[in-house]
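J.: my questions concern the predicted model and sequence given below.
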Amino acid sequence: MSKEEYRIESDTIGPVKIPKDALWGPQTERSRNNFPSGELCHCKSFVPFYT
């Protein structure tokens, strides 16, 4: 994604860059940056706790 493919939106915390084609706002973009998904390992040792 090039520099031109984002938009700037603001909320009470301030401005944030959001991908131009994204359907979410600044709060969601901050969450995406601060809490990346896909890093938690759902190893086999955890499976019995979920079933």
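T.: On my side now, so go ahead.

J.: can you list the low-confidence ranges for the protein?
T.: Applying pLDDT under 70 to the chain flags residues 1-3, 38-51.

J.: remind me, longest helix of it?
T.: helix 26-34 (DSSP state H).

J.: from the contact counts, what lies against that one?
T.: Under the contact criterion of 3 or more CB pairs under 8 Å, 6 or more residues apart in numbering; DSSP states H and E, helix 26-34 touches strand 6-10, strand 15-19. C-beta coordinates here come from the backbone N, C-alpha and C atoms, glycine included.

J.: strand partners of the first one, parallel vs antiparallel please.
T.: Its sheet considered, strand 6-10 pairs with strand 15-19 (antiparallel) by DSSP bridges.

J.: before we move on, back to that, which one of the helices and strands packed on helix 26-34 lies closest to Gly25?
T.: strand 6-10 (5.9 Å; CB to CB).

J.: who's in contact with the closest one?
T.: 15-20, 25-26, 29 (CB atoms under 8 Å, 6 or more residues apart in numbering).

J.: buried subset of these?
T.: The neighbour-count test (16 or more other CB atoms under 10 Å) marks 16, 18, 26, 29 as buried among these.

J.: check contacts around the residue nearest to the first one when sequence neighbours are not counted.
T.: Ranked by CB to CB, 6 or more residues apart in numbering and with sequence neighbours excluded, the top spatial neighbour of Val16 is Pro26, at 4.4 Å. Neighbouring residues of Pro26 by CB under 8 Å, 6+ apart: 9-11, 13, 15-16, 18.
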